[in-house]
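In: no sequence on hand, only this structure:
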Ligand SMILES: NC(=O)C1=CN([C@@H]2O[C@H](COP(=O)(O)OP(=O)(O)OC[C@H]3O[C@@H](n4cnc5c(N)ncnc54)[C@H](OP(=O)(O)O)[C@@H]3O)[C@@H](O)[C@H]2O)[C@@H](O)CC1
Ligand SMILES: Nc1ncnc2c1ncn2[C@@H]1O[C@H](COP(=O)(O)OP(=O)(O)O)[C@@H](O)[C@H]1O
Ligand SMILES: [K+]
């Protein structure tokens with residue numbers, strides 16, 4: 001699992017460390033680790049002299065980049081071209097001196113001159129900028145040292161212009177965080193660096209695991225001796241976590257002890273969703289799957305999934321809502337009966353996964369306080385839910401949720417006292433804020449997984465894990481991981497239909513469980 005700590009907690013840990021260490025020691029550790037990574041990324045081809053260009057901002061992030069260039073000169077031992085492009089009039093002073101001593105070429109791209117020139121006397125021609133653009137176009141490695149954890153989202157125009165000049169073949173390494181992104185990972189989108197690799201210091205930050213993670217590329221954490229004494233703010237499960245969490249039956253287990261999952265889904269109109277959820281539950285290894293629905297989808301499930309049983313009965317968890325019509329016509333007796341079955345499940349004390357049409361049945365927290373609840377909306381469904389229930393969000397739409405997924409998932413978790421799994425290319429799993437639990441974010445699925453019915457499969461998978469006794473955060477995040485990997489395994493690099501994702505789950509789970517025995 002990757003754990004990430006909030007910017008405030010990192011700053012506090014840095015302060016504690018700095019109080020014990022000589023001045024500048026932490027930055028030296030950071031810059032040395034960064035220089036070692038850069039050295040390892042230099043091209044093997046020795047016929048031309050490698051060129052490393054750093055974009056340097058005004059804070060300590062720029063200081064890291066300048067010191068890393070200075071250390072590189074010593075570290076590599078071979079001839080190197082090193083260039084620092086200043087995007088600020090006030091670069092880190094010691095870092096700049098060190099870079100100069102190490103014969104790093106300093107280019108001032110601000111057009112103001114780096115020091116001593118007053119704003120009233122601008123340099124006529126920003127020659128530094130033209131040379132910087134040229135260097136960036138042919139650099140082997142580009143270091144983004146513009147903004148670190150002190151950065152606000154967005155980039156100055158000058159930096160955007162310089163980034164546009166970076167050649168396609170350059171290996172872009174973000175120092176600590178990709179500049180322009182929100183270090184806390186709350187705001188997604190906007191301008192910001194897309195890095196091939198990010199070298200961070202002390203620990204991962206939320207930006208590295210939340211929806212902004214795609215901008216970070218490969219993540220390396222350089223140990224600078226921080227002692228984090230708080231709980232992480234964000235987490236991501238990786239493949240090696242599956243074996244520890246997945247409910248694996250022992251010799252004494254039977255179908256009941258493994259967990260029966262009930263599925264109240266679909267109706268005479270949406271007949272396919274139940275089949276997908278029930279298939280996924282069976283394939284995820286539920287002890288038993290019970291389907292509750294009207295004759296049409298029941299016949300379909302009977303024909304396609306002989307393992308399932310039908311009608312109300314005892315279960316350990318309910319999946320409520322895939323393909324459910326929450327507002328059937330008054331003459332639609334079968335539809336009304338299905339809504340009644342869904343309400344009975346929601347009013348029970350049992351763990352419930354609430355998806356799609358089931359979300360339309362919620363007017364607040366479930367009546368049985370403390371009943372485990374996992375809501376699984378996509379962005380549009382979350383916007384609809386909050387616009388209906390939260391007077392402060394009456395104008396919220398899908399785009400609003402996509403821009404600030406965490407904010408709105410948290411809001412729903414608080415309002416409905418439930419864990420919210422917000423689906424998308426990054427899937428967030430957010431427990432009610434009072435729990436103090438870290439947000440989980442998974443991005444394991446290929447974009448091909450964004451296909452109709454894929455969410456019904458996820459619901460069956462996560463519901464099975466709830467029935468096996470997992471808490472909603474583990475059930476949701478583990479299901480999202482396995483769903484994503486199964487979507488990949490079913491047809492690597494190509495399209496996949498929802499049913500195939502479900503059918504791939506047994507093999508994918510076996511493969512992920514086998515990793516533990518290989519590693520262990
Ligand atoms: N502390 C330590 O011991 C260690 C720290 N380390 C390193 O320090 C980094 C944090 O350094 P930092 O605090 O100086 O902040 P950093 O991100 O470099 O710059 C902030 C500056 O940018 C400005 N600014 C902000 N947003 C902006 C925007 N959108 N567009 C334009 N400008 C913007 C903002 O100005 P403001 O407007 O807020 O006055 C401020 O001046 C950290 O990521 C790591 O790399 C390592 O060496 C390990 C040891
Ligand atoms: N771009 C994407 N990349 C990866 N996974 C995606 C992407 N878009 C959607 N998904 C996943 O596909 C599933 C879609 O679920 P949902 O929207 O509920 O579909 P449906 O209601 O048709 O079953 C979710 O698991 C979601 O996380
Ligand atoms: K950076």
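Out: Alright, I've got the coordinates. Note that the structure is a prediction, hence the values are computed from the model and not measured. Ligands and ions are numbered 1, 2, ... in the order given.

In: show me the contacts for residue 188.
Out: Residue 188 is in contact with 182, 210, 211, 212, 402, 403, 404, 405, counting by Cβ atoms under 8 Å, 6 or more residues apart in numbering. (Glycine included, C-beta is placed from N, CA and C.)

In: change it to 10 Å
Out: Neighbour list for residue 188: 153, 181-182, 210-212, 214-215, 402-406, 424-426 [criterion: Cβ atoms under 10 Å, 6 or more residues apart in numbering].

In: before we move on, what about residue 42?
Out: Taking Cβ under 10 Å, 6+ apart as the contact definition, residue 42 lies against 50, 51, 52, 72, 76, 78, 80, 140, 141, 171.

In: most neighbours of all the contacts of residue 188, which one?
Out: residue 181 (33 neighbours; other Cβ atoms under 10 Å).

In: any idea which residue sits dead centre in the protein?
Out: The residue lying closest to the centre of the chain (Cα atoms, centre = their mean) is residue 210, at 3.3 Å.

In: if I look at it, what pLDDT would I see?
Out: Residue 210 is assigned 95 on the pLDDT scale.

In: now, which of the contacts of residue 42 sits nearest residue 510?
Out: Sorting the contacts of residue 42 by how near they are to residue 510, with Cβ to Cβ, puts residue 171 at the top with 36.4 Å.

In: which strands and helices sit next to the longest helix seen in the chain?
Out: Longest helix of the chain, by residue count under DSSP state H: helix 498-519. With contacts taken as 3 or more Cβ pairs under 10 Å, 6 or more residues apart in numbering; DSSP states H and E, helix 498-519 sits against helix 242-245, helix 272-283, helix 454-467, helix 472-490.

In: mean neighbour count, those helices: which tops it?
Out: Among these, ranked by average contacts under mean count of other Cβ atoms under 10 Å, first place goes to helix 454-467 (a mean of 31).

In: so that helix versus helix 472-490, what angle?
Out: 130 degrees (axes from the mean of the first three to the mean of the last three Cα atoms, to 10 degrees).

In: how about helix 454-467 against ligand 2, any contact?
Out: Yes: shown here: helix 454-467 in contact with ligand 2 (Cβ under 6 Å from any ligand atom) through 454, 455, 456, 458.

In: assumed residue 58 was part of a strand.
Out: No: counting by DSSP: H, G, I helix; E, B strand; the rest coil, one finds residue 58 to be coil, located in no strand.

In: what's the separation between it and residue 340?
Out: For residue 58, the distance to residue 340 equals 63 Å [Cβ to Cβ, to the nearest Å].

In: residues in contact with whatever residue of the chain ends up closest to ligand 2?
Out: Per Cβ to the nearest ligand atom, residue 455 is where the chain lies closest to ligand 2, at 2.1 Å. For residue 455, the contacting residues are 273, 276-277, 322, 355-356, 376-378, 381, 423, 449, 483, 498, by Cβ under 10 Å, 6+ apart.

In: which two of the contacts of residue 42 have the greatest separation?
Out: Greatest spacing in the contacts of residue 42, by Cβ to Cβ: 78 and 171 (17.3 Å).

In: on that earlier part again, need the helices and strands packed on helix 498-519 in TSV (columns: mean pLDDT).
Out: Listed next are these as TSV, based on pLDDT from 0 to 100:
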stretch	mean pLDDT
helix 242-245	97
helix 272-283	98
helix 454-467	98
helix 472-490	98
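
In: what about residue 227, how many residues nearby?
Out: 9.

In: give me the nearest residue to it, chain neighbours excluded.
Out: Leaving aside its sequence neighbours, residue 227 sits nearest to residue 13 (Cβ to Cβ, 6 or more residues apart in numbering; 6.1 Å).

In: which SS state does that neighbour fall under?
Out: helix.

In: measure it to residue 294 for me?
Out: From residue 13 over to residue 294 the distance is 57 Å, taken as Cβ to Cβ.

In: residue 200 too?
Out: Taking Cβ to Cβ as the measure, residue 200 falls 53 Å from residue 294.

In: thinking again about what came up before, for residue 233, state which of the contacts of residue 455 is nearest.
Out: Taking Cβ to Cβ as the measure, residue 233 lies nearest residue 423 of the contacts of residue 455, at 21.3 Å.

In: look at the closest one and report its pLDDT.
Out: Looking at residue 423, the pLDDT reads 98.

In: ok, now residue 119?
Out: Residue 119 carries a pLDDT value of 47.

In: and what of residue 116?
Out: If you check residue 116, the pLDDT there is 43.

In: what about residue 78 and residue 171, which has more around it?
Out: Neighbours per residue (other Cβ under 10 Å) separate residue 78 from residue 171, with residue 171 holding more: 18 against 10.

In: about what we covered before: out of the helices and strands packed on helix 498-519, which is closest to ligand 1?
Out: Short answer: helix 472-490, nearest of the helices and strands packed on helix 498-519 by Cβ to the nearest ligand atom, at 27.4 Å.

In: how near is the nearest residue to residue 400 once chain neighbours are set aside to ligand 1?
Out: Leaving aside its sequence neighbours, residue 400 sits nearest to residue 383 (Cβ to Cβ, 6+ apart; 6.4 Å). Between residue 383 and ligand 1 the distance is 28 Å, computed by Cβ to the nearest ligand atom, to the nearest Å.

In: just the pLDDT at residue 383, thanks.
Out: 98.

In: quick check: phi and psi at it.
Out: Note on residue 383: backbone dihedrals following degrees, to the nearest 10 are phi -60, psi -40.

In: need the contact list for it.
Out: 377, 393, 395, 396, 397, 398, 399, 400, 401, 402, 408, 412.

In: burial measure for the third one, as a count.
Out: Other residues within reach of residue 395, judged by other Cβ under 10 Å, total 8.

In: which strand or helix spans it?
Out: Assigned by DSSP states H and E, residue 395 belongs to no helix or strand.

In: excluding covalently adjacent residues, which one is nearest to it?
Out: Spatial nearest neighbour of residue 395, chain neighbours left out: residue 387 (7.1 Å); criterion: Cβ to Cβ, 6+ apart.

In: checking the one you found next. Helix, strand or coil?
Out: Going by three-state DSSP: residue 387 is helix.

In: thought it was touching residue 393?
Out: Yes: with contact defined as Cβ atoms under 10 Å, residue 387 counts as touching residue 393 (5.7 Å).

In: those two - which one has more neighbours?
Out: Neighbours were counted for residue 387 and for residue 393 using other Cβ under 10 Å; residue 393 has more, 20 against 15.

In: contacting residues for the more buried one?
Out: 382, 383, 385, 386, 387, 400, 401, 408, 411, 412, 415 are the contacts of residue 393 under Cβ under 10 Å, 6+ apart.
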